[in-house]
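Peer 1: predicted model, plus sequence, below.
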Amino acid sequence: MKPLLLPNIPMRCALLGAALTIANIASADRATAEILLLDNGGQISGEIVENPTTEQPRFVIQTSLGRITLAKAQVVKVVHQLPAEIEYEKIKGDYPDTLEGQWQLAEWCCENFLRDQREVHLRQILKLNPDHVQARRILGYQRVGERWVTREQLMKERGMVRHGSRWVLPQEKQLQQERRKNELAEKEWMRKLKRWRQWLNGNKFDQAAENIRTINDPYACRAIDERISEEPNTHVRALYLTALANIGTPRANAILVDRSLKDDDEELRLTALEYLAKDKQPEIVSRYIAALQSKDNSVVNRAAVGLESMGHVAAVPALIDALRTTHKYRYDDGRSPDTITSTFDPTGQNPGGLGGGSFTAGGGGPKIVIRTLNNPEVLDALIGLTHENFDYDQRQWKHWLASRKRTKSINTRRD
């Protein structure tokens, strides 16, 4: 017998099911039933006519066979049935175990939003006819070559795993899980540092200071970075620097480099540099070299101090380029340009021949001054690293560096 084929099944089920649901809600108080799961593994279906009370700890249930009384202790759980579920139990035996009978019962379940029951009958159809196209598609199968597979089977065969509502590669799932773990750990440190900062203002000062000073968890870096940027108190910032030195990861070192370059307090800048100079990690040298390109001339010189402390000769070419840097300054009438923070990337050359010159923005606005500056800390770093001194003559420094490279190359070939 051919299966009964009904077009547009989801829409048909939704429309009919909506009407039946309204009717079911209206008749819910008249047709109710519960399933009582018992401690011995059995169950009883019926209408509860008496619930347990303090005086009478028992259930009284009206079943098709009559009233049954159960002690409250015998009942593990009460499962409330919908009117459609009650009706389903009454009618399911009226449908024959044929393709057409099981399809019609599956449709009735669809119309009444009985998803689990519908799946039971769709799977029964597949036992009767494994190639029933509509049942396969409703159950999520798709045809791949000569076989039917679910999306889950197909994804697993492709090496994918489920992560939430998505299918992803195992590596991606692991990365997302680690990212989530990191986020939760970082948020926890946000809460801790906020609490300890409040303690510093009260009678828990010593405990809070010790807590901060002894932090060594890499997940605390983000919280420390945010707190230290907002912290006005020098002594508290010093505590944060100590914690970063304890952590010692590349991220912690990056924050220390930033503090050594930009903190308003000179003592804290030197403290951060002192911590960094103990390890002399390559990534620290790279960050100081990058800082030689800063728009702020004071940062350029502080970066040179950092590089000399690192004692890394690989920084010499970058230091030569930073011996003289060009900056653009802006100031209003009556203010000296020497007090204005630089706002232009240094190039090491004098753009347009305007070194020391100035011009005024259109409309009589603030005056702009372009200056090429000698950087004394950069020169000191070069002398300290090379034991040579060609003053601010970049051409002579570069000639010396090229000759050193040629000599090294010749010696290498001879060896």
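Peer 2: Looks like it came in fine. Residues are numbered from 1 along each chain as shown.

Peer 1: for the residue nearest the centre of the chain, pull up the helix or strand it's in.
Peer 2: By Cα atoms, centre = their mean, the chain has its centre lying nearest to Arg179, at 4.9 Å. Using DSSP states H and E, Arg179 maps to helix 170-199.

Peer 1: what's the first helix or strand after that helix?
Peer 2: helix 205-213.

Peer 1: which strands or helices does that next one pack on?
Peer 2: helix 170-199, helix 234-247 (3 or more Cβ pairs under 8 Å, 6 or more residues apart in numbering; DSSP states H and E). Placement of C-beta: from N, CA and C, glycine included.

Peer 1: tell me, how many residues neighbour Leu401?
Peer 2: 15 (other Cβ atoms under 10 Å).

Peer 1: so who does it touch?
Peer 2: Leu401 sits next to Val316, Pro317, Ile320 when contact means Cβ atoms under 8 Å, 6 or more residues apart in numbering.

Peer 1: on that earlier part again, residues of the helix holding Arg179 that come out buried?
Peer 2: Within helix 170-199, the residues that count as buried by 16 or more other Cβ atoms under 10 Å are Lys173, Glu186, Trp189, Lys192, Leu193, Trp196, Arg197, Trp199.

Peer 1: on that earlier part again, got the confidence number for the residue nearest to the centre of the chain?
Peer 2: Looking at Arg179, its pLDDT is 90.

Peer 1: go on, Ser165?
Peer 2: Reported pLDDT at Ser165 in the predicted model: 84.

Peer 1: just give me the neighbour total for it.
Peer 2: By the other Cβ under 10 Å criterion, the neighbourhood of Ser165 contains 5 residues.

Peer 1: give me every residue that touches it.
Peer 2: Residues counted as contacts of Ser165 (Cβ under 8 Å, 6+ apart): none.

Peer 1: how about it, phi and psi?
Peer 2: phi -100, psi 10 (degrees, to the nearest 10).

Peer 1: swap in the one 3 residues further on?
Peer 2: Recorded main-chain torsions at Val168 are phi -140, psi 170, according to degrees, to the nearest 10.

Peer 1: go on, Lys367?
Peer 2: The phi/psi pair for Lys367 (degrees, to the nearest 10) is phi -80, psi 140.

Peer 1: that older thread, which stretch in the helices and strands packed on helix 205-213 has the least confidence?
Peer 2: Looking at the helices and strands packed on helix 205-213, the weakest mean confidence is helix 170-199, a mean of 93.

Peer 1: packing partners of that one?
Peer 2: Against helix 170-199 (3+ Cβ pairs under 8 Å, 6+ apart) you get strand 161-163, helix 205-213, helix 221-230.

Peer 1: low-confidence ranges, the stretch 1-150 of the chain, go.
Peer 2: For the stretch 1-150 of the chain, the stretches with pLDDT under 70 are 1-32.

Peer 1: the stretch 201-350 of the chain now?
Peer 2: When residues are selected by pLDDT under 70, those of the stretch 201-350 of the chain lie in 331-350.

Peer 1: repeat the analysis, applying 50 as the threshold.
Peer 2: The stretch 201-350 of the chain contains residues with pLDDT under 50 at 338-350.

Peer 1: those helices in it, which residues are they?
Peer 2: With helices called from DSSP state H, counting those that start in this stretch, the stretch 201-350 of the chain shows them at 205-213, 221-230, 234-247, 250-262, 266-277, 282-291, 297-310, 316-321.

Peer 1: ok, how many other residues are close to Ala245?
Peer 2: 20.

Peer 1: need the contact list for the nearest residue to it once chain neighbours are set aside.
Peer 2: Distances taken as Cβ to Cβ, 6 or more residues apart in numbering place Tyr275 nearest to Ala245, at 3.9 Å, with adjacent residues excluded. Neighbour list for Tyr275: Leu241, Leu244, Ala245, Leu256 [criterion: Cβ under 8 Å, 6+ apart].

Peer 1: how about Asn301?
Peer 2: Residues near Asn301 by Cβ under 8 Å, 6+ apart: Asn375, Pro376, Glu377, Val378.

Peer 1: the first one contacts Val300, correct?
Peer 2: Yes: using Cβ atoms under 8 Å, Asn375 is in contact with Val300, at 5.8 Å.

Peer 1: what is in contact with the two at once?
Peer 2: Shared contacts of Asn375 and Val300 (Cβ under 8 Å, 6+ apart): Ala322, Thr325.

Peer 1: what's the offset of stretch 395-402 from the middle of its chain?
Peer 2: 48 Å (Cα atoms, centre = their mean, to the nearest Å).

Peer 1: buried ones in that stretch?
Peer 2: For stretch 395-402, by 16+ other Cβ under 10 Å, it's Trp397, Trp400.

Peer 1: against Glu186, how distant is the residue nearest to Pro250 when sequence neighbours are not counted?
Peer 2: Leaving aside its sequence neighbours, Pro250 sits nearest to Glu283 (Cβ to Cβ, 6+ apart; 5.3 Å). Look at Glu283 and Glu186: by Cβ to Cβ, to the nearest Å, they are 21 Å apart.

Peer 1: what's the closest of the helices and strands packed on helix 205-213 to His80?
Peer 2: Taking Cβ to Cβ, helix 170-199 is the member of those nearest to His80, at 36.2 Å.

Peer 1: helix 205-213 and the closest one, what's the angle between them?
Peer 2: Going by axes from the mean of the first three to the mean of the last three Cα atoms, to 10 degrees, helix 170-199 is angled at 160 degrees with respect to helix 205-213.

Peer 1: okay, the angle between helix 170-199 and helix 234-247?
Peer 2: Between helix 170-199 and helix 234-247, the angle comes out at 150 degrees (the same axes, to 10 degrees).

Peer 1: just give me how far helix 170-199 sits from the chain centre.
Peer 2: Distance, centroid of helix 170-199 to centroid of chain: 9 Å (Cα atoms, centre = their mean).

Peer 1: what does stretch 228-244 give?
Peer 2: On Cα atoms, centre = their mean, the centre of stretch 228-244 falls 26 Å from the chain's centre.
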